[in-house]
Each structure stands twice: as structure tokens, then as C-alpha cells.
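> Sequence and predicted model, in that order:
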Amino acid sequence: MAQILPISDPDTLAWATDVLRRGDVVALPTETVYGLAADATNPQAIAAIYEAKARPSFNPLIAHVSDMEMAKAHVSFSPLAERLADAFWPGALTLVLPLSDTTGIHSLATAGLATAAIRMPEGFARELIAAFGQPLAAPSANRSGRVSPTSARHVADDLGDRISLILDGGRCRIGVESTILAVEGERLRLLRPGGVPAEEIEDMIGRAVDRPAAVSDGGAVIAPGMLASHYAPSAPVRLNASEARPGEALIRFGGLPLRGADQAAAIMDLSASGDLREAAANLFDMLKQADATGATGIAVAPVPRHGLGEAINDRLSRAAAPRD
Ligand code: TXA
Ligand code: MG
């Protein structure tokens, strides 16, 4: 079983850096979700991520950097990309940018694309990357197709028998994955709504970003590997529920009572006060809790679509999408 080390332990940073130098994977906390990290320049290390996640290897990974100098060694920044990085890094925004000629990010991490998805996380993750000195490739630390982990316990439940080290930083502050934005000249395409509300980006640049139809529908594949059915609990998920059916677990929002709640297998509220930030931070944990009750299904009340609600509704519609 994986060893779990708290990030507050003074030896953890040096220990994790050694594990990464050996080409092994480390599960680590970020402000969005836990990541399964390895040296983005080392093909064996990247292969170990795909293997632990059982992820189809055509799905490219995000490269995480600690500073702009490291970022610029691997991708090229247009003036617009640089403004976005200035405004939102470190933070929950991933930029898809052209690879530079000198990049050391291995093609196994980019799935052979001419672009890389790149992000500068906050806090401990950033310190670890700085200490390691190279970008870390890190998808969310869950088995492919499962709900992303927002605590070390979630990671241990899902991957504990497949990896050797989990760094425990408590619950993730944001709780949904980063926003992915492709920067193509002056054009910005929202590939995945996430922890930085698209509205904040639009306010900063003073115009709308493109939302490919598939993003607004929460449907088809746009970022390679963004499968419609994703983040899937084992119980079927029913959205915009106005009542609970017998045997279902009920996930409410904003403290609003729903009919049939007395017959529900469990009742939770994403945020009793209707705070979308609190709801995002609770989302994956509550989906897992609802699933663990053994309920016949999971009924979820409507969640507003503004701000972080765009990312929350995206993840919910994937959790509810038909399964293969
Ligand atoms: O918050 C996050 O983004 C977390 C933490 C660990 O940083 N990471 C994460 O990674 O969610 P992952 O691998 O689960 O999702 C990355 C997404 C995938 O859907 C992938 O297809 C897309 O990014 N992606 C990666 N490189 C891309 C590229 N060059 N062009 C378009 N999409 C890309
Ligand atoms: Mg993922």
C-alpha cells in the first residue's frame, strides 16, 4: 500500500523530490484536485502515470511548472498568453500553447501534439516543482473514468495499491479541475470549464471566449480524451431533480428541500447557503459519499450556471452521461 506523508512534515519535500528523481510517480495535492505527478521529461516516468491510471495513452497530460522561466523553456507565449499567465498564475488556469523548439517535455506527455497544456499550481505543488527543477506531468490522481480526488483518502481508495507515495495536504481548496483555455493567436477557446470561472477571464480580457458547442452541451470530445462519460460514480446520476425517488441518495443545493427526501438513502447539500465555491469544493466528495451509500441512484438538485457553476454543471453532466 502507498505511504501517506503529510506535506507539513519538514522532510516530505526532499523525500518526494528523490522519488521523482528516480522516475517514480507521486500523488500530490494541488488547489484544484490531487494530481498523479511524474517527471514530464522522462518517458518511463510518464508511462508509469498512464499505467497507474489505466488511462488510454492518446490522452495528453498537463505539464505543471513553478515559474515563468520554466514555462518559457517549454512553450511559446503570445502577448495574450502572457497576460493570462500574469493575471491567473499561480492558479487553476491551464493554457494550451505551442511547444517551443527547445522543449524537454516528452511527446508521451503531449500525446505527440504540437501544443502542451501548461499550468502553474499554487502552494506545496509549486514548491515541489521548484525543488525538482523540471515540469511535472500530472493528471488527476484517479483511475481513468472515475471521480477526481479531493483528499489523500480518495487517492488511497482509488490508487493506494498501485503507487508508493501519496502526499497529504488535506482537502483541496477549489475542488474541481483547472479551467483549460486554448490560446490560438487572439482566439481563446474554452476546452474545459474549471476552477477559474470563464467569466473572470472574460472580464480581464474584455471580450467573450469561444465555447465550442461540446463544452456548452457538456457532451462530446474536444480536449482529446475528454470523454463524455467521465467522473462517473457507479450509481446512475439524475440531474436537475425536483424530487427524490425511493432508494436514491439526494444531493441538494442552497438548502432547498426536495419532495420525497424522507425516503432518500442519504441527503447532502453541496452548499446550504448557496455558495458556489463551497459547492465546487464539496462536489466530488459528495458524489463519492452518495455512491458509497449503495443507493439505487444519485439525484442532484439544479445548480446555478454562473461562475464556478459552469464547471460544476459540466462535471455533473459528465457524471450523468450514458455509459459505454
Ligand atoms: O486541475 C487540474 O487540471 C488537474 C491538476 C492535477 O492539475 N489535472 C487534470 O489533468 O485535471 P487531467 O489529465 O485529468 O486533464 C487534463 C486535460 C485532459 O482532458 C486532456 O485531454 C487535456 O487536458 N489536454 C492536455 N493537453 C492538451 C492539449 N495539448 N490540447 C488540448 N487538450 C489537452
Ligand atoms: Mg482527470
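Looks like it came in fine. Ligands and ions are numbered 1, 2, ... in the order given.

> what sits against the spatially most central residue of the chain?
By C-alpha atoms, centre = their mean, the chain has its centre lying nearest to Glu177, at 2.5 Å. Taking C-beta atoms under 8 Å, 6 or more residues apart in numbering as the criterion, Glu177 is in contact with 32-33, 92, 140, 148, 192, 194-195, 311. C-beta: built from backbone N, CA, C; applies to glycine.

> so what pLDDT did the residue lying farthest from the centre of the chain get?
Relative to the mean C-alpha coordinate of the chain, counting by C-alpha atoms, centre = their mean, the farthest residue is Asp262 (33.7 Å). pLDDT for Asp262: 89.

> swap in the one 4 residues further on?
Per-residue confidence at Ala266 stands at 95 (pLDDT).

> Report how many residues lie close to it.
By other C-beta atoms under 10 Å, 17 other residues sit near Ala266.

> Same question for His74.
22.

> Same check on the one 3 residues further on?
Around Phe77 sit 20 other residues, with neighbours defined as other C-beta under 10 Å.

> hang on, the earlier thing: doesn't the residue farthest from the centre of the chain lie inside a helix?
Yes - assessed by DSSP: H, G, I helix; E, B strand; the rest coil, Asp262 belongs to a helix.

> Excluding sequence neighbours, find me the nearest residue to Pro233.
Asp291 (3.9 Å; C-beta to C-beta, 6 or more residues apart in numbering).

> now do Ala87
Per C-beta to C-beta, 6+ apart, closest to Ala87 is Met204, 5.2 Å.

> Following the chain past the lowest-mean-pLDDT helix or strand in the chain, name the next helix or strand.
The least trusted helix or strand in the chain, going by mean pLDDT, DSSP states H and E, turns out to be helix 213-217, with a mean of 58. Going down the chain from helix 213-217, the next helix or strand is strand 237-238, by DSSP states H and E.

> Spell out which residues of the stretch 1-150 of the chain are next to ligand 1.
30, 32-33, 35, 59-62, 94, 96, 110, 113, 115-117, 119, 138-140 (C-beta under 6 Å from any ligand atom).

> Restricted to helices, list those residues.
Thr110 (DSSP state H).

> domains for the protein, by residue range?
Each domain of the chain is listed here as a residue range: 3-205, 237-319, per automatic domain parsing.

> Need the ones you listed in CSV (columns: distance to Arg211).
Formatted as CSV, these follow (distance: least, C-beta to C-beta, whole Å):
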stretch, distance to Arg211
domain 3-205, 5
domain 237-319, 9
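
> Longest helix in this structure, please.
helix 276-292.

> Dump the helix or strand following that helix to CSV, keeping only the CA atoms.
Once the chain leaves helix 276-292, the next helix or strand it forms, by DSSP H and E, is strand 297-300. Only the C-alpha atoms of strand 297-300 are listed here, as CSV (Å, rounded to 0.1, in the frame of the first residue of the first chain):
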residue,chain,number,x,y,z
GLY,A,297,-29.2,6.2,-7.9
ILE,A,298,-28.0,9.7,-7.2
ALA,A,299,-30.4,12.6,-7.6
VAL,A,300,-28.9,16.1,-7.8
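
> quick one, helices of this protein?
Counting by DSSP H, the helices of the chain are 12-21, 43-53, 68-74, 79-88, 107-110, 123-132, 152-159, 198-205, 213-217, 276-292, 309-320.

> how about low-confidence regions in the chain?
214-231, 324 (pLDDT under 70).

> Tell me how many other residues surround Ile174.
22.
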